[in-house]
Every structure is written in C-alpha cells, then in structure tokens.
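K.L.:
attaching a predicted model along with its sequence, questions to come.
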Amino acid sequence: MSLDDKSSLAVTIHQPEFLPWLGFIDKIRQCDIFVLLDSVQFEKNYFQNRNRIRTAWGAAWLTVPIFTKGFFGQTIREVRIQNGESWQKKHVQSLTQHYASAPFFKEYFPGLRELYGQPWDNLAELNISIIRWMAGAFGLSRRFIRSSELNVSGKRTELLLNICKAIGATSYLSGISGRDYLDEPLFTGAGVAVKYQDFHHPVYPQRYEPFEPLMSGVDLLLNAGPESLRRLVQANETRETLKS
C-alpha cells in the first residue's frame, strides 16, 4: 500500500549529510518525498559527519567527532557522536566568527544555534534534524522518510528501486553519478521513471571574496536570506526537473 495517494509521486534518496551543500537542497526542491538513506554503511571521511563553511582564508571544515574504532561496517543510523570534544561550542564559535556580519545572520542563525544547543548522541538524528531545519529555512515543505523505517533490502539499484516501490513512487531523481551504476530497465520495468539531477551551482555574494562554491547550504542562507531559494531555482530553472 502506498504511503501517499498522489497519482504522481516524485522521490529522491540520499544519505543524511551534515549541514548539506546546495546540491542536496536542490534534490529536496525537486521531490515530493525525500528518503534519508540511513540503513547503508557509514562512509568515513565523507559528508555524513562534516561539511565546509566559507572563512576569511577559504573553506574550512566543521566536523562532528564520531566513534569509528571497533565499529567497522556500522550503518549510518548506528553511528554515535563523541561528545567529549566540545564540538558544538566550537562549531557555534566558528559560525559566529565568520558569519556574524553576514546580512541574514540574525534572522537564521538562532534556529541553527538552538539545534546545536541540544544534546546529541546519534549522528543520523542530528543530521536529519538539521536537514529538516534547512529545508524549512529555504521554504521547502517536503515529506522525509528514513529508509530504516521501510523494511526493505537489496543493494545499489535493487535497494533504491525497492524503496521507491515501498512508497509508491512514480519517478526517481538520481544524482548525476547514477548514470554510471543504475540499472534503468529495472526501474522502467517497475513503472518508475528515472531522471538525473543536472545541478548548476548559484553564484551569490559571500562574506568573503572571491566566491567559492560547494559550501554548506547555510552559507547561502546567511548571505541571501529569503532570496536563497530563488537564487537556487534561477541557477537551475532551465534544467529538467523531476516533476517536469
């Protein structure tokens, strides 16, 4: 039984990243349901526990310390945070230092600071809470589902298709790298259309020059505020979207 009664249901699937970049936000923009892929193996030194912000000397990483020793093969939903390093305080200090003079810092940062002020033990819970907050800050009202809630199995294409089938998807938006590994006939045979994200990064005034892309989406929010979504759309409006 489908989780949604719509005759057309656009779905995308992605691991829950920490302070995700604009390409991630753009995938949220193009879907009805965003499936947070928390049931797959955690990938060390990727974006699941870190992301970049713009500083006076270039890009800098904000990293959430996690337990990895002795936990090889753990899934994303199982990853625990090391809370003995005052990482929350350090992140808030870095964000304040480099964005306090950004045009929309006062409007948007309090919500993020409130999230940082909560006790966190589980990485996926932290990431998903931030993703929900960021979607709302961008003005995107979407449904989020964790893959671990769906009781599906499989690997690569099979897993993605099984997720789509479990929620009644009619179309699936893949990242561009999906062209290299997706078995499209499996999707089309199941009645699920496949489209690929063709993301173009917006250019906007940052706190420091020259412009550097690929920062966390909070960089755009704090610098452009209510115009953030419009800038994201304008950079990609001539591209095919999942719902077109």
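P.N.:
Nice, thanks for sending it over.
K.L.:
going by C-alpha atoms from here, please, whenever you check contacts or count neighbours.
P.N.:
OK.
K.L.:
looking at this structure, which helix is longest?
P.N.:
The longest helix of the chain (DSSP state H) is helix 123-137.
K.L.:
state the distance from the residue of the chain most remote from its centre to residue 163.
P.N.:
No residue in the chain sits farther from the centre than residue 189, which is 28.6 Å out by Cα atoms, centre = their mean. Distance, residue 189 to residue 163, by Cα to Cα, to the nearest Å: 15 Å.
K.L.:
for the longest helix of the chain, what is the average pLDDT?
P.N.:
Mean pLDDT, computed over helix 123-137, is 98.
K.L.:
before we move on, what about stretch 189-197?
P.N.:
97.
K.L.:
start and end of it, how far apart?
P.N.:
Stretch 189-197 end-to-end distance (Cα to Cα) = 21 Å.
K.L.:
going forward, count from 344.
P.N.:
Let's use 344 as the start, then, which means that last one is stretch 532-540.
K.L.:
now do that stretch: distance to the chain's middle.
P.N.:
Centroid displacement of stretch 532-540 relative to its chain, using Cα atoms, centre = their mean, to the nearest Å, is 21 Å.
K.L.:
just read off the phi/psi values of residue 376.
P.N.:
Dihedral pair for residue 376: phi -130, psi 130, per degrees, to the nearest 10.
K.L.:
my guess is it meets residue 486, correct?
P.N.:
Yes: Residue 376 lies in contact with residue 486 (Cα atoms under 8 Å); the separation is 4.8 Å.
K.L.:
so what's the residue count around residue 521?
P.N.:
Residues near residue 521, counting by other Cα atoms under 10 Å, number 17.
K.L.:
settle this for me: it is touching residue 539, isn't it.
P.N.:
Yes: with contact defined as Cα under 8 Å, residue 521 counts as touching residue 539 (7.4 Å).
K.L.:
could you list the low-pLDDT ranges of this protein?
P.N.:
344-349, 581-587 (pLDDT under 70).
K.L.:
what's the closest non-adjacent residue to residue 385?
P.N.:
Excluding its sequence neighbours, the residue lying closest to residue 385 (Cα to Cα, 6 or more residues apart in numbering) is residue 419, at 4.6 Å.
K.L.:
surely that neighbour touches residue 379?
P.N.:
No: taking contacts as Cα under 8 Å, residue 419 lies outside contact range of residue 379: 10.1 Å.
K.L.:
buried ones in stretch 439-453?
P.N.:
442, 445-448, 451-452 (16 or more other Cα atoms under 10 Å).
K.L.:
for stretch 493-503, same thing?
P.N.:
Buried-residue list, stretch 493-503, by 16+ other Cα under 10 Å: 495, 500-501, 503.
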